[in-house]
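Novice: curious how this folds, go ahead:
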Amino acid sequence: MAHEGELRLHARRVLRAPRSAVFRALTDPGDLAEWFGPDGFTIPGVQSDLRPGGSYRIAMQPPEGDMFHLVGEFLEVDPPERLSYTFRWEDPDPEDRETVVTLALNDLGGTVTELVLTQGDFATERRRALHDEGWAQSMDKLEKLMSPDKPV
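Specialist: Numbering: from 1, shown residues only. Coordinates of the predicted model:
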């Protein structure tokens, strides 16, 4: 939830997986394609140069409509604790601006990891709310991917 006058997104999820596995799911192109994006979206391609100053480009295909791309640059890559990157849409909506996503992974004991996400600052509350919903749906899929019941 954002504080009044602050257009930042804050989310937290507890995952039943060790930090190293969660960090890999956040950064490995194959894993990322399995959970990233709102419900119904597919990720046909992920290009990633995982290092500070390296760039990434994620192709996102909505259930209806044209494919679009998310691009940015890695600011911090500190496995398995922290990942930070810029986030912008190619051909952005007029209400969009580049934001910074920070993902912190806290070890809650062996096979339990707390994922804390912050993103901001957004240009409008509408865009923040849209990202909040997209991240919540993505984290639901990430939680399923990290489930210990998943066949190996």
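
Novice: going forward, measure contacts between C-alpha atoms and count neighbours the same way
Specialist: OK.

Novice: remind me which residues of this structure are low pLDDT?
Specialist: 1-5, 148-152 (pLDDT under 70).

Novice: mind listing the helices for it?
Specialist: 19-27, 29-35, 125-146 (DSSP state H).

Novice: in the second one, what counts as buried?
Specialist: Translated: helix 29-35. Neighbour-count burial for helix 29-35, counted by 16 or more other CA atoms under 10 Å, picks out 29, 32-35.

Novice: and for the last one?
Specialist: Judged by neighbour count using 16+ other CA under 10 Å, the buried positions of helix 125-146 are 125, 128-129, 131-132, 134-143, 145-146.

Novice: and that helix, what does it pack onto?
Specialist: strand 8-15, helix 19-27, helix 29-35 (3 or more CA pairs under 8 Å, 6 or more residues apart in numbering; DSSP states H and E).

Novice: hang on, the earlier thing: for the buried residues of helix 29-35, work out which two are farthest apart.
Specialist: For those, the farthest-apart pair by CA to CA is P29 and W35; their separation is 10.5 Å.
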